[in-house]
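Engineer: sequence-free structure coming up:
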């Protein structure tokens, strides 16, 4: 059964709440914590926060361009731009990172409100993405919920809202076959999934992107 996208208005409301939870977690962030390793290999807490801020700006870039009838990628410079901006932003003082996360998220919410009021013009302009602009709120929700956990600051998968889990579980399972590192693992995983074998403890998945 295909994954059903939530209506943009519903996803925006979920994302607004997710932003508020994130703001609460990082409100009193100190510099030594920002330099601490996150749960993502090779990334500090600062790297994760810098990524969340630039991710929001990327969505704004694409949404505003679509409103103007132009097709502009979230990261016009591609993966190199994305990586460079994260590295450049990660080492800033903690409260600069927090302010950046807050302000970029609020800019995105304003862009969603404008897009919603205008009827999501040119939603089909993908600009290198695999989703229309109407799906921007759900994709942003994924980033916020997953990376909130990655911060390692007390927010855990058990805290994820049910509406997000219901959507993400379906979406992640749908993508699972393509993430099996060894095609032979498909047989063992399917055996477990259908109740005809144990969950393979050595199952390897390619990175979740």
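Structural biologist: Structure received. Since the structure is predicted, the reported quantities are computational estimates derived from the model, not experimental observations.
Engineer: what helices or strands is the host helix or strand of residue 56 leaning on?
Structural biologist: According to DSSP states H and E, residue 56 maps onto helix 45-67. The contact analysis (3 or more C-beta pairs under 8 Å, 6 or more residues apart in numbering; DSSP states H and E) places helix 45-67 against helix 31-34, helix 78-90, helix 94-117, helix 136-150. C-beta coordinates here come from the backbone N, C-alpha and C atoms, glycine included.
Engineer: next up, the contacts around the residue nearest to the spatial centre of the chain.
Structural biologist: In the chain, the centroid-proximal residue (C-alpha atoms, centre = their mean) is residue 143; its distance is 1.4 Å. By C-beta atoms under 8 Å, 6 or more residues apart in numbering, residue 143 lies in contact with 52, 55.
Engineer: now swap in residue 21 and tell me
Structural biologist: Counted by C-beta under 8 Å, 6+ apart, residue 21 has contacts 148, 155, 159.
Engineer: I'd like the distance between it and residue 207.
Structural biologist: Distance, residue 21 to residue 207, using C-beta to C-beta, to the nearest Å: 25 Å.
Engineer: circling back: tell me the most buried of the helices and strands packed on helix 45-67?
Structural biologist: helix 136-150 (a mean of 21; mean count of other C-beta atoms under 10 Å).
Engineer: centre of the chain to that helix, how far?
Structural biologist: 3 Å (C-alpha atoms, centre = their mean, to the nearest Å).
Engineer: ok now do residue 25, which residues does it touch?
Structural biologist: So residue 25 contacts 148, 151, 153-155 (C-beta under 8 Å, 6+ apart).
Engineer: what residues does stretch 29-38 touch?
Structural biologist: 43-49, 91, 93-95, 97-98, 150-153.
Engineer: quick check on those: which are buried?
Structural biologist: 43-49, 94, 97-98, 150-153 (16 or more other C-beta atoms under 10 Å).
Engineer: now, which of those sits nearest residue 198?
Structural biologist: residue 150 (29.0 Å; C-beta to C-beta).
Engineer: please verify my assumption that the closest one contacts residue 40.
Structural biologist: Yes - with contact defined as C-beta atoms under 8 Å, residue 150 counts as touching residue 40 (5.0 Å).
Engineer: what sits in contact with each of those two?
Structural biologist: The contact lists of residue 150 and residue 40 share residue 48, where a contact means C-beta under 8 Å, 6+ apart.
Engineer: low-confidence ranges, this structure, go.
Structural biologist: 1-3, 208-209 (pLDDT under 70).
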